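> structural data only, the sequence is not supplied:
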């Protein structure tokens, strides 16, 4: 069968130091029917030179011509993708695993689905502030499963699953352009939220009946000094600290947050992933039947129950949200307290399962310098998965060593 065309899009803004290695993970793919688009958000650094130096005819360099918000840059990039074939977006500090596009093509031909989502490796770029005990996490799962999108969207809205389990258009998410065209025909543009990755997950789940989830990781998610999401969920910085990626993001002329959801006391989006999911759900309402609905009260309960280390900030936001919509905050808060241990226990169980099936690389073991080297290391690890018994005891020991850190990370998930 003919190979489906796949376009890899890398939106970027003044991050040439990591972009070069991210781009290498794409140009090194053993897949012939490939386009690569680098969308430069009017950067003032040497991004264009970095792209040109790759000397690859499959790469198209485009420039927005003026500074855009993240969602608008991603929208601009998608507008330059051919109408036919498939598309994926990766961050400029992320990457693809070797051979991932060939695997995507095989899944497309085997299943006939219009969206594929995979697990992803995690890589932490070296930086003076990165003191994490693990530099690389490699999921060892294999195979894939067909999922019903509305069922999984319902799980995410109820706090029983993470949004990255949905068929999103980001690191490890691949979508047929026919779906994007269908969404744009209904809403006028693909992105309707300032959180483009989360919005893509909710929007795609609102339009599709099914998708493939691949337990084999196809992408590597990088965390560098440029990472906006990580910066947003960190504890408040000192007043003398430098401007963070989250500060830059907040200063952009972003797409407005949904009118039903207030911002926090600092005029920013409150620190809750569940809130971001609900905002995307509201923004994408035109893509779903009117019978598919959740309420402000239900979502406030879930937001409070999953707020973690930012509970005090979310509580203040929740009071304002309840007041705006004439909700009984005390009653909702009481129900959230009862729901919290149930959701947290389920989340810990999921994380423990993932940890038991993940290979952890510490900085002292292998001094990985960039995401390209990390992607090659991940592929080598997966190609040499040890025997089941030996693997079980080794991973059990690693899981115990890292257990408290994994459980603590629930506070920001």
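Thanks, I have it. Given the structure is predicted, the values throughout are model-derived calculations rather than measurements.
> going by C-alpha atoms from here, please, whenever you check contacts or count neighbours.
OK.
> so where is the chain shaky, pLDDT-wise?
Low-confidence segments of the chain (pLDDT under 70): 1, 128-130, 227-253, 386-413.
> can you map out the strands along the stretch 151-300 of the chain?
Taking DSSP state E, counting those that start in this stretch as the test, the strands found in the stretch 151-300 of the chain are 173-176, 210-223.
> tell me the most buried of those?
Of all those, strand 173-176 has the most neighbours on average by mean count of other CA atoms under 10 Å, namely a mean of 26.
> before we move on, the earlier item: redo the strands of the stretch 151-300 of the chain as TSV? Include distance to residue 310.
Shown next, in TSV, are those (distance: least, CA to CA, whole Å):
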stretch	distance to residue 310
strand 173-176	29
strand 210-223	21
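> ok, and what's touching stretch 254-271?
Applying CA atoms under 8 Å, 6 or more residues apart in numbering, the external contacts of stretch 254-271 come out as 69-72, 192-194, 232-233, 250, 279, 282-283, 307, 310, 313-314, 317, 320-321.
> thought residue 126 was touching residue 369?
Yes. With contact defined as CA atoms under 8 Å, residue 126 reaches residue 369; the gap is 6.7 Å.
> re earlier: taking the contacts of stretch 254-271, please make a ChimeraX selection of just the buried ones.
Remark: buried members of those, expressed as a ChimeraX selection using 16 or more other CA atoms under 10 Å:
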select :69,70,71,72,192,193,194,232,233,250,279,282,283,307,310,314,317,320,321
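> any idea how far the closest residue to residue 187 other than its chain neighbours is from residue 67?
Nearest residue to residue 187 in three dimensions, chain neighbours excluded: residue 286, at 6.9 Å (CA to CA, 6 or more residues apart in numbering). Residue 286 sits 29 Å away from residue 67, going by CA to CA, to the nearest Å.
> same check on residue 198?
22 Å.
> who has more neighbours out of these two?
Neighbours were counted for residue 198 and for residue 67 using other CA atoms under 10 Å; residue 198 has more, 23 against 16.
> all strands of the stretch 301-413 of the chain, in order?
Counting by DSSP E, counting those that start in this stretch, the strands of the stretch 301-413 of the chain are 358-361.
> where along it do the helices fall?
Shown for the stretch 301-413 of the chain, the helices assigned by DSSP state H, counting those that start in this stretch span residues 311-324, 329-356, 371-383, 388-408.
> swap in the stretch 151-300 of the chain?
Using DSSP H, counting those that start in this stretch, the helices of the stretch 151-300 of the chain run over 177-187, 196-207, 228-233, 245-251, 273-283, 296-305.
> most packed of these?
With neighbours defined as mean count of other CA under 10 Å, the helices of the stretch 151-300 of the chain peak in mean count at helix 196-207, which reaches a mean of 24.
> what comes up buried for stretch 77-85?
Neighbour-count burial for stretch 77-85 flags 77, 78, 81, 85 (criterion: 16+ other CA under 10 Å).
> what sits against the third one?
Taking CA under 8 Å, 6+ apart, we find residue 81 in contact with 7, 37, 87.
> the last one now?
Listed by CA under 8 Å, 6+ apart, the contact partners of residue 85 are 4, 5, 6, 7, 176, 177, 178.
> go again with 7 Å.
Residues near residue 85 by CA atoms under 7 Å, 6 or more residues apart in numbering: 4, 5, 6, 176, 177.
> go on, residue 333?
So residue 333 contacts residue 301 (CA under 7 Å, 6+ apart).
> distance of it from residue 79?
43 Å.
> re the thing from before, highest average neighbour count across the helices of the stretch 301-413 of the chain?
By mean count of other CA under 10 Å, the helices of the stretch 301-413 of the chain have helix 371-383 as the most buried, with a mean of 20.
> return the list of helices and strands in contact with that helix.
With contacts defined as 3 or more CA pairs under 7 Å, 6 or more residues apart in numbering; DSSP states H and E, helix 371-383 has these neighbours: helix 16-27.
> just checking, what packs against the helix it packs on?
Secondary elements touching helix 16-27 (3+ CA pairs under 7 Å, 6+ apart): helix 47-53, strand 95-96, helix 371-383.
> from the chain's centre, how far out does stretch 30-39 sit?
For stretch 30-39, the separation from the chain centroid amounts to 21 Å (computed by CA atoms, centre = their mean, to the nearest Å).
> ok, now stretch 162-173?
Using CA atoms, centre = their mean, the mean C-alpha position of stretch 162-173 is found 6 Å from that of the whole chain.
> and the contacts of it?
Residues outside stretch 162-173 that contact it (CA under 7 Å, 6+ apart): 88-90, 115-120, 152, 156, 175, 197-198, 200-201, 204-205, 211, 218-219, 221.
> what sits against the residue nearest to residue 277 when sequence neighbours are not counted?
Nearest residue to residue 277, sequence neighbours excluded (CA to CA, 6+ apart): residue 198, at 6.3 Å. Shown in contact with residue 198 (CA under 7 Å, 6+ apart): 163, 277, 280.
> out of these, which comes closest to residue 374?
Nearest to residue 374 among those, counting by CA to CA, is residue 163 at 24.7 Å.
> count the neighbours of the nearest residue to residue 307 once chain neighbours are set aside for me.
Leaving aside its sequence neighbours, residue 307 sits nearest to residue 272 (CA to CA, 6+ apart; 6.0 Å). Burial of residue 272, expressed as a neighbour count using other CA under 10 Å, amounts to 24.
> try residue 309
Residue 309, neighbours per other CA under 10 Å, totals 19.
> measure residue 335 to residue 299 for me?
For residue 335 relative to residue 299 (CA to CA), the value is 12 Å.
> got it, and residue 149?
According to CA to CA, residue 149 and residue 299 sit 19 Å apart.
> for residue 52, same thing?
Residue 52 is 47 Å from residue 299, by CA to CA.
> kindly report the same for residue 168.
Distance from residue 168 to residue 299, by CA to CA: 21 Å.
> now do residue 18
37 Å.
> check the offset of stretch 151-163 from the chain's centre.
That offset, for stretch 151-163, works out to 15 Å (CA atoms, centre = their mean).
> again, but for stretch 88-103
On the basis of CA atoms, centre = their mean, stretch 88-103 sits 13 Å off its chain's mean C-alpha point.
> before we move on, what about stretch 46-58?
With CA atoms, centre = their mean as the basis, stretch 46-58 stands 26 Å off its chain's centre.
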